[in-house]
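>>> requesting a structural model of the entry that follows:
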Amino acid sequence: MTHPAFTLNQAAVIGAGTMGRGIVMSLVNAGIPVLWLDNNPQVLDQGLTLVAQTNAQQVQRGRISEQDAAARLARVTPVTDYAALAGVDLLIEAVYENLELKQRIFRELDAVLKPSAILASNTSALDIDAIAAVTARPEQVLGLHFFSPAHIMKLLEIVRGARTAPAVLDAALALGERIGKVAVVAGNCHGFIGNRMLHTYVREARMLLLEGALPQQVDAALQAFGFAMGPFRMYDVVGIDLEWRARELAGRGQDDVAVQVDNRLCGLGRFGQKVGLGYYRYAEGSREALHDPAVDALVLQVAEQLGFARRAITDAEVLERCLLALVNEGAKILAEGIARSSADIDLVYLNGYGFPMDQGGPMNWADGQGLGAILDRLGTLQARLGEHWQAAPLIERLVADGKRFADVQEGRV
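Alright, predicted model coming up:
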């Protein structure tokens, strides 16, 4: 599978935050030596300490030997400048989500790294082509979107830019296999496959809160369907403040009706599990999400201020809207060729987003429901809730032809 011109003997990771640490562990655990750089020496020291602690825990649990732990740590070499990275075969940048910052890093690295090196960005949503454009080697730039915690989560979204060379994609797929990931190639669009679909799913969940549901009800309905966790528990785990800060940085999106509950929670410092308070509350040192009546009261207050007339919402409506939002966006992704197949979309959702394994993923679930029924249900939602529920043209086409999502490959039926 690997292109003969590409051999991965030495990797480098830039960034020693949560993602950088997980990526370093993914690589060294698979036997790949890593040079590690962060512009803050203190953060890099903390990163090395945390990698050592994680290995020690693995030894205690009997999962690896003392020798394995020592060998893993020995594969990490902290460095202090870009010049030290000149000879690496693959560089993965894992700094925070800011396009200008990533472009600056790639521009500087392009001048330093050997011509054959592959440059990858661990971005969850940013434009890979805009990052590649600042280099003289756009065919050797791609996205490697790891999921947090990166050394545990199985999914790796490989994002191909407009000019990413096939051999570079092959090398990325081979890397995914080597580090034990389920690797899926995605096209370049905002959010790629997983987060682009997630955006529509969480928007429905947030609107349901304003219209009459409460966080616990939405989460319970989706967890009863089989999701690992509902959207509000998920936000507590990843940090409600991540999107809030991203909206602040971007200077847009904060006035969107759907995010007003999140904004209020963040304004109160309720950032999620890490601070013990989010949509739920958490006892000291515990990850158990406990119902917090103060959040219910806040939801009611925000809904009233925004002029919503709340009504009783059934668990069936929660499921209907959240699942169909995923499916309809998935259909658009499939038609655009952002995903090569519906099976790839399902792999993303099963391995990165906690979709129930026994349902086989959102697109497989929809095929099982029958696309005619899905089209009817979308029509009902469109009549009741507005134009954003209009069915993706691909669904109409597949229904007319008596086909399923599973029959679409590379954007063609």
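
>>> mind listing the helices for the stretch 51-200 of the chain?
66-74, 99-112, 128-132, 166-178, 194-211 (DSSP state H, counting those that start in this stretch).

>>> buried ones in the longest one, by neighbour count?
Which is helix 194-211. For helix 194-211, the neighbour count (16 or more other C-beta atoms under 10 Å) marks 194-198, 200-211 as buried. To be clear about C-beta, it is placed using only N, CA and C from the backbone, and glycine gets the same treatment.

>>> ok, now the first one?
In terms of neighbour count (16+ other C-beta under 10 Å), helix 66-74 has its buried residues at 69, 72.

>>> identify the residues contacting Leu109.
14, 82, 85, 91, 93, 119, 135 (C-beta atoms under 8 Å, 6 or more residues apart in numbering).

>>> next: Ile333.
Contacts of Ile333 (C-beta under 8 Å, 6+ apart): 189, 193, 196-197, 339, 345.

>>> now swap in Gln409 and tell me
Gln409 neighbours (C-beta under 8 Å, 6+ apart): 340-341.

>>> confidence score at it?
Per-residue confidence at Gln409 stands at 86 (pLDDT).

>>> now it: how far from Ser342?
9 Å (C-beta to C-beta, to the nearest Å).

>>> do Leu8 as well
31 Å.

>>> so between these two, which is more surrounded?
Ranked by neighbour count (other C-beta atoms under 10 Å), Leu8 and Ser342 place Ser342 first, with 25 against 18.

>>> residues contacting that one?
330, 334, 361, 363-364, 367, 405-406, 408.

>>> buried ones among the residues you listed?
The neighbour-count criterion (16+ other C-beta under 10 Å) marks 330, 334, 361, 363-364, 367, 405, 408 among those as buried.

>>> still on that earlier bit, pull the most distant pair out of the contacts of Ser342.
Gly361 and Val408 (14.1 Å; C-beta to C-beta).

>>> do I have it right that Val43 meets Gly17?
Yes: contact criterion C-beta atoms under 8 Å: Val43 and Gly17 qualify, at 7.0 Å.

>>> in the lowest-mean-pLDDT helix or strand in the chain, what's buried?
Lowest by mean pLDDT, DSSP states H and E among the helices and strands of the chain is helix 241-250, with a mean of 88. Buried residues in helix 241-250, counted by 16+ other C-beta under 10 Å: 241-244, 247.

>>> residues contacting the spatially closest residue to Tyr282 that is not a sequence neighbour?
Counting by C-beta to C-beta, 6 or more residues apart in numbering, the nearest residue to Tyr282 once its immediate chain neighbours are dropped is Gly276, at 4.8 Å. Shown in contact with Gly276 (C-beta under 8 Å, 6+ apart): 282-284.

>>> out of the residues you listed, grab the one that's most surrounded.
Tyr282 (19 neighbours).

>>> quick one: it from Ala289, how far?
In terms of C-beta to C-beta, Tyr282 sits 7 Å off from Ala289.

>>> overlap in contacts, those two.
Joint contacts of Tyr282 and Ala289 (C-beta under 8 Å, 6+ apart) are 236, 273.

>>> quick revisit: dump the helices of the stretch 51-200 of the chain to TSV, plus mean pLDDT and distance to Leu323.
Shown next, in TSV, are these (pLDDT from 0 to 100; distance: least, C-beta to C-beta, whole Å):
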stretch	mean pLDDT	distance to Leu323
helix 66-74	96	41
helix 99-112	96	32
helix 128-132	97	29
helix 166-178	96	28
helix 194-211	97	8
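
>>> rebuild these as a markdown table, extending it with distance to Glu320.
Shown next, in a markdown table, are the helices of the stretch 51-200 of the chain (distance: least, C-beta to C-beta, whole Å):
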| stretch | distance to Glu320 |
| --- | --- |
| helix 66-74 | 46 |
| helix 99-112 | 36 |
| helix 128-132 | 34 |
| helix 166-178 | 34 |
| helix 194-211 | 9 |
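
>>> closest to Leu222 out of those?
When the helices of the stretch 51-200 of the chain are compared (using C-beta to C-beta), the closest one is helix 194-211, at 8.0 Å.

>>> so for Gly251, which of the helices of the stretch 51-200 of the chain sits nearest?
Checked against C-beta to C-beta, the stretch from the helices of the stretch 51-200 of the chain lying closest is helix 99-112, at 13.1 Å.

>>> okay, buried residues for that closest one please.
102-103, 105-106, 109-110.

>>> that one to helix 241-250, inter-axis angle?
Between the axis of helix 99-112 and that of helix 241-250 there is an angle of 80 degrees, by axes from the mean of the first three to the mean of the last three C-alpha atoms, to 10 degrees.

>>> can you map out the strands along this structure?
11-14, 34-37, 76-78, 90-93, 118-121, 141-146, 155-160, 182-186 (DSSP state E).
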